[in-house]
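Novice: Structure for the following, please:
(2 chains)
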Amino acid sequence: MPYIANTNEDRREMLAAIGVDSIDTLWRHAGVDMPAPDLSAIPEGRSEYEVNRHLAGLADRNAHHLTCFIGSGFYDHIIPAAVAEITGRGEFYTSYTPYQPEASQGTLQAIYEYQSAICRLTGMEVANASLYDGGTALFESIMMAMRLNRRRKAVLAGTVSPIYREMIRCYSQNLDIELVVIEPPDDGTSSNINALKAALDDTTACVVVQYPNVFGTLEDWEELVEYAHQRGIVAVCSVYPTALSLARTPGEMGFDILTGEGQSLGIDLSFGGPYLGLMATTKKFMRKMPGRIVGRTVDTEGRDGFVLTLQAREQHIRRENAMSNICTNEGLCALAAVVYLSCIGRSGFEKVGRLCAAKACFAREQLLAIPGIEPVDQAGFFNEFVVRLPIDAAELVGLMIDKGFAAGFPLGRYYPKRRNDLLVAVTEKRTREEIRALAVAMEAVLTPG
Amino acid sequence: MNLIFDKSRPGRTGSTLPKLDVPPCDAVPDTLRRNRSAPLPEVSELDAIRHFVNLSRKNIAIDTCFYPLGSCTMKYNPKCHERIAALPGFAGLHPLLPQLRGGGALTQGALAVLYEFEMLLCEILGFANFTMQPLAGAHGELTGIMMIAAYHHKRGQSRRVMLIPDNAHGTNPSSSAIAGFTTQEIATDADGNVDLDQLRLHLNDELAGIMLTCPNTLGLFDPNTAEVCRLVREAGGLAYCDGANLNAILGRVRPGDIGFDVMHVNLHKTFTTPHGGGGPGSGVVGVSPRLVPFLPTSRVNKRQDGSYSLEYRYPDTIGYVAPFYGNFGIILRAYAYTLTLGRKGLTRVGENAVINANYLRVRLAPHFDAPFDRVCMHECVLSATPQAARGVRALDIAKALLDEGFHPPTIYFPLIVPEALMIEPTETESRQTLDDFVDAILRILDRIETDPDSLLQAPQTYPVTRLDETRAARRPDLASLESSP
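Specialist: Numbers count the residues shown, from 1 in each chain, chains lettered A, B, ... in the order given. From the prediction side, this is the model:
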């Protein structure tokens, strides 16, 4: 039998040692006395080779070869081979949560380094060991804000990812939480900062924004953060971490809580997961942060070492009063992120940013040169921008698939009044030729006849 | 200190990146420009590889030693699964592709994995449907409990009370609280089962449901499980099965058949996806027919022509618990495992897990306190109270096991057993390994007679000795920032 070591003889001897004559007797003594289920609908087992072949066949039925200009929060970046080499080490991926710190210093130190790298990247002071994804992290940040000031209203910019806003709505449905969403103006690509401010009052727990926003626009949040702080409101920012290669940090803008999707830091797109929920905060608020946290301490000989710490916040101790129900997080993805950030390195990460930004500018220029495509006002962006098409963007994207492109994300899916708007992301993977080919194909699709 | 940051030298780099092939330009406004690059490590690729390989050597893991961590099901993680998850057709697939117009055809292979695995799980566990979205066990709990809340809400009932046995994992009460319920603890009786008399006191119109771990966290199968489910359902509540311990009954008991309405399955336990040093996991959730309308959206549907599609229109859905379709890469590994095992292999998992645990129980119980001395399921819970009375606590035995080359069992859980040692061998271990483990425990128990002080100093064969956790919590050092020495 696959993955079972005991021989039939072992089984007989072990059953005898237990004092029963058969597995059926053992089940009965254990209290399992119902008839065995009918599993005839489950196929017979297959060999490793056959299963590989079957799944490789299914993998081939996926169109991963499309030239990808879709981002929308999830990006096709270069991942150095070194990342998989390290995360593929059995010592890392077949261990569990480091409950025995002496025998888990590898995982613990790597997570401490991950926490450090996230702080250095974002300008925050303390990061946790990860949450599930950017959306669950954003919800947890709202809960954290509510613990901090004991208020129950969250004001969200309508330029926060609609995927995340849906998740937050889902998690909030049984809780005493008021969610207020401030929709952006129908045109342009900016948030409605004045309306956001107007919605903040002394019952507001937190204001939640995204950077860059859902349209790819980089916005200066400093004034809003200050306005929030004057009213005792916690300022929360959800980030695309690769944008921080060039863009000013949320820490510098004064945000209290940072969250984000860490997928862009060396983690495969993998059809939606596993991903990496980033969360960081200030020293002042660290004891209210959910999730596992690794700290540095010393052993009995005075040597440096690492442990899980501040555990009094967690479910295994606080049970129904815990700050969150999270237990298992995304440890291996956090390891991937710190290996990625180490291998890409300080100058490499900046170069990734420059490549993305320059190629995005080039792509925008190429697309805007196509008759019928118009610019949409966008004060600044990193690697993702909006163009307005003469036709429904969903239709164009459908037509572009046949030409080998995932040409972008049609914004009409989230914002019904923006049916002709296409959100285009360009990463360092895209070449000049691919961008040119995108423009040529798009022009051909848009040219009547 | 030997952090990756300490190995940095200004100007050193490990990356090779494509040359800029377009005019240099960016659209970052001057006011939003980072004033200097992020202070990330500046190391060569060799430096980085050596650093992280050497860190890996400071870990023990399933691949290096026996890891009988109770309740965590640390079974062998087959290597072929890693290859499958890395196939470009899966690893490189953007999750938004099937949401494009005409995009359904682009991800038929991935949707097939989600759908076909869901159908297999329904057969294995006796449920009507599964959602693949929950990203971990606790996330699955929350999803399941939110469906229970939605069910009562839809029927216009405000049932607020969730019953949870006193031996439950801490995630149960905390998940229940986030779903808006008040939790009430139910005692365990002298045999380790749910106290039925106490249960009966709660059978009223306040009762929303019960969360039972099956088998329970004492490693025992409660023979009254079906009866507990029946009583709760008769009173208008729903029965939730925490599947953390599913490994014991895999192929032998279908939780849907014995009265559970909803159940989460930790794919990283029973379906052997790697634990990853603390995730990623997956906590897929199965439901009985009456909870199907409340499942998270989207769901995968199989059309009559054999093609697969994503469906969104479910008016009573609780909504989106994950950004997309769950931890796809994890689900993929679990699907490969299930195909490999087949129906006979699945049955052998449960059987051998239970045989191995009982073998350890009969060999070890005479040397400890056995608070519930009966045939166990996939794990046995012993109490080191006799040893503790002599000054050597469960913690010390655990640390001494590290020096013997074993990962220790779970200790001090469940909370209702003093000095608990919770030992889960799993089916993938051989009898020889179990015998070696017993011998190691017996050597440690001998040392309580001969040299108890040495046990208090264990472990001595690792890069560090016992760590000062109080100091870690009182004077938190949680990151190496640039200004740190």
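Novice: Domains in chain B, by residue range?
Specialist: Chain B breaks down into these domains under automatic domain parsing: B:84-340, B:351-471.
Novice: tell me the most buried of those domains?
Specialist: Of all these, domain B:84-340 has the most neighbours on average by mean count of other CB atoms under 10 Å in any protein chain shown, namely a mean of 22. In short, each C-beta sits where N, CA and C put it, glycine included.
Novice: From start to finish, how long is that one in a straight line?
Specialist: Counting by CA to CA, to the nearest Å, you get 13 Å between the two ends of domain B:84-340.
Novice: One more: stretch A:66-75?
Specialist: Between the opening and closing residues of stretch A:66-75 there is a gap of 14 Å (CA to CA).
Novice: Just give me how far it sits from the chain centre.
Specialist: 14 Å (CA atoms, centre = their mean, to the nearest Å).
Novice: Number of residues surrounding residue 71?
Specialist: I went with chain A, as the question did not name one. If you count neighbours by other CB atoms under 10 Å in any protein chain shown, residue A:71 ends up with 26.
Novice: Please refer instead to chain B.
Specialist: By other CB under 10 Å, the residues close to residue B:71 number 22.
Novice: That one contacts residue B:413, correct?
Specialist: Yes - using CB atoms under 8 Å, residue B:71 is in contact with residue B:413, at 7.1 Å.
Novice: overlap in contacts of these two?
Specialist: By CB atoms under 8 Å, 6 or more residues apart in numbering or on different chains, residue B:71 and residue B:413 have these common neighbours: B:217, B:422.
Novice: hey, what's residue B:283 bridged with?
Specialist: residue B:266 (DSSP bridges).
Novice: circling back: in JSON lines: the domains of chain B, plus mean pLDDT and distance to residue A:151.
Specialist: As requested, these are exported to JSON lines (pLDDT from 0 to 100; distance: least, CB to CB, whole Å):
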{"stretch": "domain B:84-340", "mean pLDDT": "97", "distance to residue A:151": "18"}
{"stretch": "domain B:351-471", "mean pLDDT": "97", "distance to residue A:151": "33"}
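Novice: I'd like those domains as TSV, with distance to residue B:63 appended.
Specialist: Below are the domains of chain B laid out as TSV (distance: least, CB to CB, whole Å):
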stretch	distance to residue B:63
domain B:84-340	10
domain B:351-471	12
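Novice: nearest to residue A:380, of these?
Specialist: Closest of the domains of chain B to residue A:380 is domain B:84-340, at 24.2 Å (criterion: CB to CB).
Novice: Distance from the closest one to the middle of the chain?
Specialist: Taking mean C-alpha positions (CA atoms, centre = their mean), domain B:84-340 and its chain are 13 Å apart.
Novice: same thing with stretch A:42-61?
Specialist: Centre-to-centre, stretch A:42-61 and its host chain are 29 Å apart (CA atoms, centre = their mean).
Novice: Is chain B within reach of that stretch?
Specialist: Yes - Stretch A:42-61 comes into contact with chain B (CB under 8 Å from any CB of the partner chain), by way of A:42-48, A:51-52, A:54-61.
Novice: What subset of those is buried?
Specialist: Using 16 or more other CB atoms under 10 Å in any protein chain shown as the burial test, those include A:42, A:45, A:46, A:48, A:51, A:52, A:55, A:58, A:59, A:61 as buried.
Novice: tell me which element the third one is part of?
Specialist: This points to residue A:46. Under DSSP states H and E, no helix or strand contains residue A:46.
Novice: Now for the chain: which strand has the highest residue count?
Specialist: Because you didn't say which chain, this covers chain A. Counting residues, the longest strand found in chain A (DSSP state E) is strand A:204-211.
Novice: Can you look at chain B instead?
Specialist: Looking across chain B with DSSP E, the single longest strand is strand B:207-213.
Novice: So which elements touch the helix or strand just after that strand?
Specialist: Using DSSP H and E, the helix or strand that follows strand B:207-213 in sequence is helix B:225-234. With contacts taken as 3 or more CB pairs under 8 Å, 6 or more residues apart in numbering or on different chains; DSSP states H and E, helix B:225-234 sits against helix B:196-201, strand B:207-213, strand B:238-242.
Novice: which regions of the stretch 301-449 of chain A lie under the pLDDT threshold?
Specialist: A:449 (pLDDT under 70).
Novice: could you pull out the helices for it?
Specialist: Ranges of helices in the stretch 301-449 of chain A, per DSSP state H, counting those that start in this stretch, are A:315-318, A:331-368, A:393-401, A:432-446.
Novice: Equivalent analysis for the stretch 1-150 of chain A, please.
Specialist: With helices called from DSSP H, counting those that start in this stretch, the stretch 1-150 of chain A shows them at A:8-18, A:23-29, A:48-60, A:81-87, A:90-93, A:105-122, A:134-149.
Novice: between those, which gets nearest to residue B:55?
Specialist: Of all the helices of the stretch 1-150 of chain A, helix A:105-122 comes closest under CB to CB, at 4.1 Å.
Novice: check contacts around the closest residue to residue B:81 other than its chain neighbours.
Specialist: On the basis of CB to CB, 6 or more residues apart in numbering or on different chains, the spatially nearest residue to residue B:81 that is not a chain neighbour turns out to be residue B:333, at 3.9 Å. By CB under 8 Å, 6+ apart, the residues touching residue B:333 are B:81, B:82, B:84, B:85, B:267, B:271, B:272, B:273, B:274.
Novice: What of residue A:286?
Specialist: Per CB under 8 Å, 6+ apart, neighbours of residue A:286: A:125, A:126, A:293, A:310, B:476, B:478.
Novice: switch to 7 Å and redo it
Specialist: Taking CB atoms under 7 Å, 6 or more residues apart in numbering or on different chains as the contact definition, residue A:286 lies against A:126, B:476, B:478.
Novice: Likewise for residue A:280?
Specialist: Contacts for residue A:280 (CB under 7 Å, 6+ apart) come out as A:118, A:119, A:122, A:124, A:126, A:127, A:258.
Novice: out of those residues, which one sits closest to residue B:232?
Specialist: Minimum distance to residue B:232 across the contacts of residue A:280 is 41.7 Å, recorded for residue A:127 (CB to CB).
Novice: so how far is residue B:51 from that closest one?
Specialist: According to CB to CB, to the nearest Å, residue A:127 and residue B:51 sit 20 Å apart.
Novice: Mind checking which of the two has more residues around it?
Specialist: Taking neighbours as other CB under 10 Å, residue A:127 and residue B:51 compare with residue A:127 leading, 30 against 23.
Novice: For the more buried one, list each beta-bridge partner.
Specialist: Bridge pairing for residue A:127 - DSSP bridges - gives residue A:280.
Novice: Contacts for stretch B:386-400 next, please.
Specialist: A:100, B:368-369, B:384, B:408, B:411-412, B:419-421, B:444, B:448, B:452, B:455-456, B:458-459, B:466.
Novice: and residue B:292, how far is that from residue B:299?
Specialist: In terms of CB to CB, residue B:292 sits 10 Å off from residue B:299.
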